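**Student:** Sequence below, structure please.
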Amino acid sequence: MGRQKPNFIVGIGSSAGGLNANKALLDALRPDTGMAFVIVAHLMPTANSHLVEILSRHTKMKVMLASQAMPIWANHVYVIPPNADLTIESYAFKIVTPRITRNNQVDLLLTSLAEDMGANAIGIILSGYGGDGAEGCKQIKAKGGTTFAQDKSAEISNMPVSAQDLGFVDFVLPPSKISDELTKIGKH
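**Tutor:** Numbers count the residues shown, from 1 in each chain. Below is the predicted model:
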């Protein structure tokens with residue numbers, strides 16, 4: 001199958017405890033949803049991230065590090081580079097390095113996703129400390145998109161609970177069940 005634009009772009013945000021949640025989500029996710037997946041994890045600015053290699057073992061989709069102006073294709077997984085802010089514009093990445101502020105990369109991505117994709121934006125908030133992602137979910141809902149938060153299976157519940165507390169989360173599920181709902185959304 002040739003490269004094609006995704007029917008939905010899914011922004012996935014996490015922090016502490018998010019690695020296991022991301023692996024569980026990808027393990028359960030079909031590789032042919034027609035969606036693109038963008039993973040934003042809070043990383044130390046000096047981190048030598050192995051997320052691409054680790055997550056590649058949990059999906060048949062191509063997993064790659066996002067880079068400036070890289071086009072976004074269906075059935076691909078993209079990972080934020082360390083010490084970067086990542087946004088989306090016209091099915092391509094915009095990257096600012098070094099990152100401007102600390103631990104709001106999920107909100108930045110989801111807000112740009114809402115602007116760029118409207119009702120075809122999907123936000124997922126997984127395990128992590130703090131409230132990053134809650135505002136981004138609000139923006140996605142304002143544009144008609146769909147949002148998810150990890151349920152009590154989250155190792156650290158602050159991020160998913162913050163999103164739920166704002167009242168802009170459509171589904172509260174474990175990662176394996178989020179995959180089921182994404183498959184249903186992709187079929188419509």
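**Student:** From the centre of the chain outward, give me the first residue you hit.
**Tutor:** The structure's the chain has its C-alpha centroid closest to Ile12; by C-alpha atoms, centre = their mean the separation is 1.6 Å.
**Student:** so that residue touches Ala36, yeah?
**Tutor:** No: the criterion here is C-beta atoms under 8 Å, and Ile12 misses it with Ala36 at 10.9 Å. No exception for glycine: its C-beta is placed from N, CA and C like everyone else's.
**Student:** now the end-to-end length of stretch 90-101.
**Tutor:** By C-alpha to C-alpha, to the nearest Å, the extent of stretch 90-101 from end to end equals 24 Å.
**Student:** buried ones in that stretch?
**Tutor:** Phe93, Ile95, Arg99 (16 or more other C-beta atoms under 10 Å).
**Student:** Low-confidence regions, this structure specifically.
**Tutor:** For the chain, applying pLDDT under 70 flags the ranges 1-2, 44-48.
**Student:** for it, what spans make up the helices?
**Tutor:** 18-28, 51-56, 105-117, 134-142, 158-166, 175-187 (DSSP state H).
**Student:** Of all the ones you listed, which one comes closest to Asn75?
**Tutor:** Asn75 lies closest to helix 175-187 among those, at 10.2 Å (C-beta to C-beta).
**Student:** Now do the closest one: which elements does it pack against?
**Tutor:** If you count contacts as 3 or more C-beta pairs under 8 Å, 6 or more residues apart in numbering; DSSP states H and E, helix 175-187 packs onto strand 8-14, helix 18-28, strand 121-125, strand 146-150, strand 171-173.
**Student:** go again using 7 Å as the cut-off
**Tutor:** strand 8-14, helix 18-28, strand 146-150, strand 171-173 (3 or more C-beta pairs under 7 Å, 6 or more residues apart in numbering; DSSP states H and E).
**Student:** Strand partners (parallel or antiparallel) of the first one?
**Tutor:** Sheet pairing here is set by DSSP bridges, and for strand 8-14 it gives strand 35-41 (parallel), strand 121-125 (parallel).
**Student:** among those, which is the most enclosed?
**Tutor:** Among the strands paired with strand 8-14, ranked by average contacts under mean count of other C-beta atoms under 10 Å, first place goes to strand 121-125 (a mean of 30).
**Student:** quick one: it to helix 18-28, angle?
**Tutor:** Strand 121-125 and helix 18-28 meet at an angle of 130 degrees, taking axes from the mean of the first three to the mean of the last three C-alpha atoms, to 10 degrees as the criterion.
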